[in-house]
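Undergrad: I'd like to go over a predicted model; first the sequence, then the structure.
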Amino acid sequence: MTKGMQGRFLLLYGSQTGQAKAIAEEIYENAPHHGLQPEIHCLSMTDKKFSLEKEACMVMVVSTTGDGEPPETATKFWRRLKKKTLPGDHLAHLNYAILGLGDSNYNNFCRNPKNFEQRFEELGAKQFYPSGFADDAVGLEVVVEPWIDGLWPVLRKQLGLSNNECTSNGVMEPTENKSITQSTGDDSDSGTDVDNPYGHRKSHQDVEKRTSPDVKIQTEAGTRTMSNDNRTNPTTLNNDTENDKADANQTSTDSGTSPLTQDSLRTNQSEGETVVDSTQNKGPSLTCSVPPLSESGLTLPLLPPAYLEVQFHKDLVMSPDQLTLQGSASYPSAQSDVSMATIVSATKLTRDDAVKTALDLELDISDAPIDYQPGDAFSIICPNPSAEVDLMIQRLGLVEQADIAFSLQLIANTKKRRATIPDYIPKTCTVRHVLTHCCDIRTPMKKAVLRMLVEHTENAREKRRLQELCSKQGINDYGAFIREGCVSILDVLIAFPSCNPPLGRLLEHLPRLLPRPYSISSSPLVDPKRLHFVFNIIEFPHSHGRAMARQGVCTGWLNHKTQPIQQQVSTDVKGQDVEMNMAALSISEKSKVLIFARTNTHFRLPEDPSTPIIMIGPGTGVAPFIGFLEHREMQLNKVAENGDDTIKFAPSWLFFGCRHKERDFLYRHKLEHFVKTGVLSRLHVSFSRDATNGTIAPKYVQDNLRLHSTDVLDLLLEKNAILYVCGDAKNMARNVNETLLELIGKHTGKGAYDATLILAKLREEKRYREDIWT
């Protein structure tokens, strides 16, 4: 693209899981409708496809990963940008805007885009539009949508263009206040306050309100009105009675899905009813809205253009072993090749009456090129549940074509810019394979998917509700019934039986099925060819629009896979754990899993064993610390065998917590063994749900931190201990961080600001390390 082209700007993205890339591509697709011509590149293409030194205007969309670090695709760009030899006016010619993605459940929320913002300022670049920091904890769309809406007029002004509207064919029109309908190339007025892009829309008085509201859609051929009266299809939603056809208390099937049968699916579709609960019109639900939303005019997102065409090859017979795994596309964060591991044992660490079920799995990695250290993580490549795939195939009307080979082609003359066939879908594939191994059919849908589904829904009431869920006015309902409810594409297709999207459109929108990461809970010094990890089996009940009860994609799969070999950790009459002897196993193909090592290596033991360590890991967060302590035990044994008294081992502390001492005290026998042998200096446990019989007992790990604050802070601030935190980011890790701030303030006599600086310095020195998740 010619750099002198009118309306041209550079659009960059740095993405770890694909969200930043998708948002940047949305900006790229919509820009021409505003008279703008972006040149888009991944940050990994620095000096190959673009150079900031030659640019005058740049928009960046970038995510945060790890402990506030840049995504892998942005690391090279960041290294070059932060060179100390760059002069202070190095980017004085550059005007920029940044949209950052993060998760406020983590302490360093949007740290990476904020680092970029600070560095651009240090190098003389000028910000022409306020940075946006979108929070995945509450929904990225809450910030992303108004930020993009406000970007267009400011960007046009920055590039010297008048702030008129631009139609899809490039004809400029004066801006007017209109009844906002669909955001298309024919109507770019978003009704957003440009001076306050994060504020409330100020066009409510301009939005038409009717008893039976219509949605007007502007097209190149003119204006057409879609009536939301139920005239075209007699099928109606059952919003008056609660439907109990998908019982949350049903037993899970072998694929981790409650058995909503295909017969019941057929019955529900033929009756035109939804399977999800309707709340009896007492309030909004997935399939039902209430005023004022149900009476409002709607602003719909731009309809993504179709670009994939499916061609079936009936004469081509393909067996599953002929299909390449995700088209041989590389995996994010992979440090090794994908290889096969064998499940050797599966031990249930919790009692049957525990709130959650935790499994410890042991893998034989003899054939895997994985050299790991305690604290490292690895990923498991897992399929979608077969029962849900079967339901998807039936719901899409593709039962007869499910195992017939097909190929994807780009639609000729598609309006999709930079259209490409997803590299994670094999060139020749089957419907069953692509829905089982390639596409994520569980993730809550983006608004763009709902917008596409609108066009393939016949029933007027169903169409209207889908329009509401993807509209600007329906942002609260979208958050409540799609994102927070973890409602999948299958849930929506079951809830809206007249919605029948073609396969090609689904494959355009369904995200890639990503591997699941797990912390290693063993030491290679015990056995370099074996690896342990622990996980809770995630349970999703039937509720909030979910058509069936289900288990986590990977945890449910592993649970089913290991059912024949699962052994129970039992408790004898004295309350001590006794692990049952594992029987010799007959290894079959069903006990194989595909794995690879991950690149994250910051969560490791200190090289110098004389450095004290403080470990905080409630629940399954204890996993890496079991590996730490196994490693230390082997090191201590070796030193004792060699009679080497020059190597000193510093104290090691562990803070562990769970609900009940007798039900879910994970690895209890091992931890008590480590204390008994001196490997673990101090073990402090807390049980949040056990009765205390009137005594004051710590309920959570932060309570024990307060009880032992003097010794903890002495180790941390005076003896240079390393603090490790592993587990839940949303509650535990945040509470631990706040408790440490409180204790540091009391210990040092300093205020909150100075305590924050002390904690920040610990992070900078890599003495406050986290391995946390949401």
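TA: Alright, I've got the coordinates. Since we're looking at a predicted model, the values are computed, not measured. Residues are numbered from 1 along each chain as shown.

Undergrad: what helix or strand is Phe133 on?
TA: For Phe133, the enclosing helix or strand under DSSP states H and E is strand 132-135.

Undergrad: so for the next helix or strand after that strand, what gets flagged as buried?
TA: Of the helices and strands lying after strand 132-135 in sequence (DSSP H and E), the nearest is helix 141-158. Within helix 141-158, the residues that count as buried by 16 or more other Cβ atoms under 10 Å are 141-156, 158. Glycine gets a C-beta too; all of them are placed from N, C-alpha and C.

Undergrad: which strands and helices lie in contact with helix 141-158?
TA: helix 19-30, strand 57-62, strand 95-102, strand 132-135, helix 475-478 (3 or more Cβ pairs under 8 Å, 6 or more residues apart in numbering; DSSP states H and E).

Undergrad: who wins for proximity to Glu121 among those?
TA: Among these, the nearest to Glu121 by Cβ to Cβ is strand 95-102 (9.7 Å).

Undergrad: tell me the strands beside that closest one, with direction?
TA: For strand 95-102, the paired strands and their directions (DSSP bridges) are strand 57-62 (parallel), strand 126-127 (parallel), strand 132-135 (parallel).

Undergrad: which helix in the chain has the most residues?
TA: helix 623-642 (DSSP state H).

Undergrad: packing partners of the next helix or strand after that one?
TA: Toward the C-terminus, helix 623-642 is succeeded by strand 652-658 as the next helix or strand (DSSP H and E). On a contact count with 3+ Cβ pairs under 8 Å, 6+ apart, strand 652-658 meets strand 613-616, helix 623-642, strand 682-687, helix 701-707.

Undergrad: ranking those by burial, who's on top?
TA: With neighbours defined as mean count of other Cβ atoms under 10 Å, the helices and strands packed on strand 652-658 peak in mean count at strand 613-616, which reaches a mean of 24.

Undergrad: next SSE downstream of the longest strand anywhere in the chain?
TA: Criterion DSSP state E: the longest strand present in the chain is strand 339-348. The helix or strand immediately downstream of strand 339-348 is strand 358-364, counting by DSSP H and E.

Undergrad: what's the angle from the helix or strand just after that following strand to strand 339-348?
TA: Scanning forward in sequence from strand 358-364 by DSSP H and E, the next helix or strand is strand 377-381. Angle, strand 377-381 to strand 339-348, by axes from the mean of the first three to the mean of the last three Cα atoms, to 10 degrees: 100 degrees.

Undergrad: tell me what the helix or strand just after strand 377-381 is packed against?
TA: Counting by DSSP H and E, the element after strand 377-381 in chain order, helix or strand, is helix 386-395. In terms of contacts (3+ Cβ pairs under 8 Å, 6+ apart), helix 386-395 is packed against helix 262-271, helix 431-433, helix 489-495.

Undergrad: may I see the buried residues of helix 386-395?
TA: Ser386, Ala387, Glu388, Val389, Asp390, Leu391, Met392, Ile393, Arg395.

Undergrad: likewise stretch 416-436?
TA: Going by 16+ other Cβ under 10 Å, stretch 416-436 has these buried residues: 416, 421-422, 424-426, 428-436.

Undergrad: equivalent analysis for stretch 746-763, please.
TA: Quick answer for stretch 746-763 (16+ other Cβ under 10 Å): His747, Ala755, Ile758, Leu759, Leu762, Arg763.

Undergrad: any chance of the buried residues of helix 386-395 in TSV, plus distance to Leu493 and pLDDT?
TA: Shown next, in TSV, are the buried residues of helix 386-395 (distance: Cβ to Cβ, whole Å; pLDDT from 0 to 100):
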residue	distance to Leu493	pLDDT
Ser386	17	96
Ala387	15	96
Glu388	11	97
Val389	13	98
Asp390	13	98
Leu391	9	97
Met392	7	98
Ile393	11	98
Arg395	5	97
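
Undergrad: ok, back up a step: and the strand holding Phe133, what's its mean pLDDT?
TA: Strand 132-135 shows a mean pLDDT of 96.

Undergrad: how far off centre is it?
TA: How far strand 132-135 lies from its chain's middle: 15 Å, per Cα atoms, centre = their mean, to the nearest Å.

Undergrad: what lies in contact with it?
TA: The contact list for strand 132-135, computed with Cβ atoms under 8 Å, 6 or more residues apart in numbering, reads 98-104, 109-110, 113-114, 140-144, 147, 197-198.

Undergrad: what residue ranges in the protein score low on pLDDT?
TA: Under the criterion pLDDT under 70, the flagged ranges of the chain are 1-4, 164-282, 570-590, 600.

Undergrad: at 80 instead, please
TA: Within the chain, the ranges that satisfy pLDDT under 80 run 1-5, 66-67, 107, 163-282, 317-322, 544, 569-590, 599-601, 692-695.

Undergrad: what's the closest non-adjacent residue to Pro618?
TA: Gly657 (3.6 Å; Cβ to Cβ, 6 or more residues apart in numbering).

Undergrad: cool, Lys529 as well?
TA: Closest residue to Lys529 apart from its sequence neighbours, by Cβ to Cβ, 6+ apart: Ser366 at 4.6 Å.

Undergrad: measure how buried the one you found is and give me the count.
TA: 11 (other Cβ atoms under 10 Å).

Undergrad: and what of Leu12?
TA: Neighbourhood size, Leu12 [other Cβ under 10 Å]: 27.

Undergrad: surely it touches Glu39?
TA: No. Between Leu12 and Glu39 there is no contact under Cβ atoms under 8 Å: 9.4 Å.

Undergrad: closest to Ser543 out of the buried residues of helix 386-395?
TA: Nearest to Ser543 among those, with distances taken as Cβ to Cβ, is Glu388, at 17.0 Å.

Undergrad: does the closest one touch Val553 like I think?
TA: No. Glu388 is not in contact with Val553 according to Cβ under 8 Å; the separation is 9.2 Å.

Undergrad: quickly list what's touching both of the two.
TA: Common neighbours of Glu388 and Val553 (Cβ under 8 Å, 6+ apart) are Arg442.

Undergrad: and Arg682, bridged to which residues?
TA: Beta bridges link Arg682 to Trp653 when assigned by DSSP bridges.

Undergrad: surely it is in contact with Phe656?
TA: No. Using Cβ under 8 Å, Arg682 is not in contact with Phe656, being 11.0 Å away.

Undergrad: mind checking which of the strands paired with strand 95-102 is nearest Leu302?
TA: Here strand 57-62 is closest among the strands paired with strand 95-102 (Cβ to Cβ), at 17.0 Å.

Undergrad: the strands in the stretch 401-550 of the chain, which residues?
TA: Under the criterion DSSP state E, counting those that start in this stretch, the stretch 401-550 of the chain contains strands at 405-410, 428-430, 516-519, 530-536, 539-540, 550-551.

Undergrad: to Met5, which of those strands lies closest?
TA: With Cβ to Cβ as the yardstick, what comes closest out of these is strand 405-410 (25.0 Å).

Undergrad: tell me what that closest one is packed against?
TA: In terms of contacts (3+ Cβ pairs under 8 Å, 6+ apart), strand 405-410 is packed against strand 308-313, strand 428-430.
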